[in-house]
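**Q** Predicted model and sequence follow; I will ask about them next.
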Amino acid sequence: MSSPAPEGLQLNGLGKTLGGRTIIDDLSLTVRRGELVSLLGPSGCGKTTTLRMIAGFLQPDAGSIVMAGRDVTRLGPDKRPSAMVFQNYALWPHLTVAKNVAYPLRLRRLPRAEIADRVDRMLGLVNLLHHRDSRPPRISGGEQQRVALARALVQEPDVLLLDEPLSNLDAKLRVRVREDIRDLQQRLGITTVIVTHDQEEALSISDRVAVMNAGRIEQFSSPAELYARPATEFVATFIGALNRFDGTFDGTRIHPGPDVVGVRPENVTVSTAPRPGALRAIVERVVPHGHFDEVRLRREDVTLAAYVSGAAPRAGEVVFASIDAALVYRDGRLVEPSVSAPVAAPVPAVVA
Ligand SMILES: Nc1ncnc2c1ncn2[C@@H]1O[C@H](COP(=O)(O)OP(=O)(O)OP(=O)(O)O)[C@@H](O)[C@H]1O
C-alpha cells in the first residue's frame, strides 16, 4: 500500500443515477484527516445517497472514493476502513449493550480477551460502563445513540460516518449529544462525515460544511464563512434568515435594479428616533425569541424582518430602520466584495 495521503477521505467526481434520475452529479469533496464535515441540504438533495456510497452500501456509477490514501471504490462496506452509525441505531434488542458493541469484533473473530478489553474501553469512553449488561430497549434514546457510536468506534475506523445521528432525540438532548459527539471526535482525531438537514446542528459542530442542492455541492466552507459569505443565493436562503429583495444596494438603501439583495435580520438597525439614512417604517408584528425579538417592519408594500435585543418597539409604532450590510447576488452568485459599512447618505430613496 502507498504511504498515507494527507486526506482522510476523498470523493472524486461521484455520480449516481437511481430510478432513471440523476441523484448525484459529479460530486467531489476532500475531507482532511481528523476533520468533521457535515453534508447539509434539503430533503431529497442526495445526502444519504452520498453517505451510502462512502460507506460502500451503494456503488457509484462514476467517480472514485479514497480513504486514508487507499482507493476503496470497489470494496464492500466490511472491507472499508469506515464505520457507520445508522439513523435508527440498528441495535440488536436481545443482546446486551456490551454484546452489541462487541458484535463487529466478533465478526472479525478477534480473541475473546481483546474484544472484552476494547469493548470496556469504548463503553468507558461513552460513559456507559454502568449499562454494560442492559439491553437497548431498557436504556434511553441518548444512551442507545452512544451504544451505536461505541459500536462504530470500537472498530477503530479511519472514517466515521453518521446518518442523521440526532434525529431521534428530543431538542434538549440533541444539543448535549451533538457536543458529546464533537468532543469524542476531536479527542480521537477521527475523520468524520455527518449527514444532517439541521443547519444549526451542522454549523455548531463541524469544521466545514458541504451544502448540497439537487445532487451537487453548492458550497464547502467553514461555518463562519458559510454564514458571512454564502457563495450562492441558494446557500444564503438555506442558512440563517434572510430578507430578499430584487434590486441593487448602494451601501445604505435598496433601489430598483437587476440583482438580488439579501439582508440578514441582524443587519437591520431599528431605532425610535430618525437617523440619517434610516427609513421610516411601521412595526407590523413583534415575535419574541427569548433573548431577542424578531420585529417585522412594513413600508408601503415592502416588509423587512429585523432582530432587536433589549427593548423592542411595539406593533403599530413608527420606527426608523437602516440596513448595515447586504449580500448581493447576480445570476445566483455572490457579487464581491460584499457591501457593508454604509455611508450615511441622506438619499430620499425607495426600498424595492
Ligand atoms: N433506490 C432509489 N430509487 C430511486 N430513487 C431513489 C432511490 N433512493 C433514493 N432515491 C431518490 O434520490 C433522491 C435523494 O435521496 P437521498 O435519500 O439521498 O436524499 P437526502 O438528501 O438524504 O434526503 P432526506 O433528508 O429526506 O433523507 C430522492 O429524490 C430519492 O427519492
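**A** Right, received. Where do you want to start? Numbering: from 1, shown residues only.

**Q** any idea how far the residue of the stretch 201-350 of the chain found nearest the ligand is from Arg296?
**A** Distance from the ligand to each residue of the stretch 201-350 of the chain (C-beta to the nearest ligand atom) is smallest for Met212, at 6.8 Å. Quick note: C-beta positions are derived from backbone N, CA and C, even for glycine. Counting by C-beta to C-beta, to the nearest Å, the separation of Met212 from Arg296 is 31 Å.

**Q** what about those two, which has more around it?
**A** Here Met212 and Arg296 are set side by side on neighbour count (other C-beta atoms under 10 Å), and the busier one is Met212, at 27 against 17.

**Q** Please tell me how far the residue nearest to the more buried one when sequence neighbours are not counted sits from Thr48.
**A** Using C-beta to C-beta, 6 or more residues apart in numbering and skipping residues adjacent in sequence, the residue nearest Met212 is Gly41, 3.5 Å away. With distances taken as C-beta to C-beta, Gly41 is found 10 Å from Thr48.

**Q** neighbour-wise, which of the two wins?
**A** Legend: neighbour count by other C-beta under 10 Å for Gly41 and Thr48, higher for Gly41 (28 against 18).

**Q** correct me, but the more buried one touches Gly215?
**A** No: Gly41 lies out of contact with Gly215 (C-beta atoms under 8 Å); the separation is 9.5 Å.

**Q** Might you report the residue contacts of the closest residue in space to Leu169 that isn't next to it in sequence?
**A** The shortest distance from Leu169 to any non-neighbouring residue, by C-beta to C-beta, 6+ apart, is to Gly141 (5.4 Å). Neighbouring residues of Gly141 by C-beta atoms under 8 Å, 6 or more residues apart in numbering: 168-170, 173.

**Q** neighbours around the residue nearest to His94 when sequence neighbours are not counted, how many?
**A** Once flanking residues are discounted, His94 sits nearest to Arg135: 6.9 Å by C-beta to C-beta, 6+ apart. Arg135: 16 surrounding residues under other C-beta under 10 Å.

**Q** looking at it, Arg135 is touching Ala98, isn't it?
**A** No: taking contacts as C-beta under 8 Å, Arg135 lies outside contact range of Ala98: 10.5 Å.

**Q** The ligand contacts on this structure?
**A** Counting by C-beta under 6 Å from any ligand atom, the residues of the chain lying close to the ligand are 18-19, 23, 41, 43-49, 197.

**Q** try 5 Å
**A** 18-19, 23, 43-49, 197 (C-beta under 5 Å from any ligand atom).

**Q** Most neighbours out of the contacts of Gly141, which is it?
**A** Neighbour-wise, these (other C-beta under 10 Å) top out at Leu169, 18 neighbours.

**Q** Surely that one and Val177 touch.
**A** Yes: contact criterion C-beta under 8 Å: Leu169 and Val177 qualify, at 5.9 Å.

**Q** shared neighbours of the two, anything?
**A** What both Leu169 and Val177 touch, as defined by C-beta under 8 Å, 6+ apart, is the set 142, 145.

**Q** what residues are up against Arg80?
**A** Counted by C-beta under 8 Å, 6+ apart, Arg80 has contacts 55-56, 67, 72, 159.

**Q** how about 10 Å then?
**A** With contact taken as C-beta atoms under 10 Å, 6 or more residues apart in numbering, Arg80 is in contact with 54-56, 65, 67-68, 70, 72-73, 157-159, 161.

**Q** cool, and Ile205?
**A** So Ile205 contacts 36, 38, 166, 178-179, 181-183, 185-186, 192, 194, 196, 223 (C-beta under 10 Å, 6+ apart).

**Q** before we move on, back to that, and for Gly41 and Gly215, which residues touch both?
**A** Joint contacts of Gly41 and Gly215 (C-beta under 10 Å, 6+ apart) are 47, 50.

**Q** circling back to that earlier point, okay if I get the contacts of Ile205 as a markdown table plus pLDDT, neighbour count and secondary structure?
**A** Output for these, formatted as a markdown table (pLDDT from 0 to 100; neighbours: other C-beta atoms under 10 Å; DSSP: H, G, I helix; E, B strand; the rest coil):
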| residue | pLDDT | neighbour count | secondary structure |
| --- | --- | --- | --- |
| Leu36 | 97 | 23 | strand |
| Ser38 | 98 | 26 | strand |
| Leu166 | 85 | 24 | coil |
| Arg178 | 89 | 21 | helix |
| Glu179 | 90 | 12 | helix |
| Ile181 | 91 | 24 | helix |
| Arg182 | 93 | 17 | helix |
| Asp183 | 91 | 11 | helix |
| Gln185 | 94 | 22 | helix |
| Gln186 | 94 | 14 | helix |
| Thr192 | 97 | 28 | strand |
| Ile194 | 97 | 28 | strand |
| Thr196 | 94 | 23 | strand |
| Pro223 | 95 | 18 | helix |
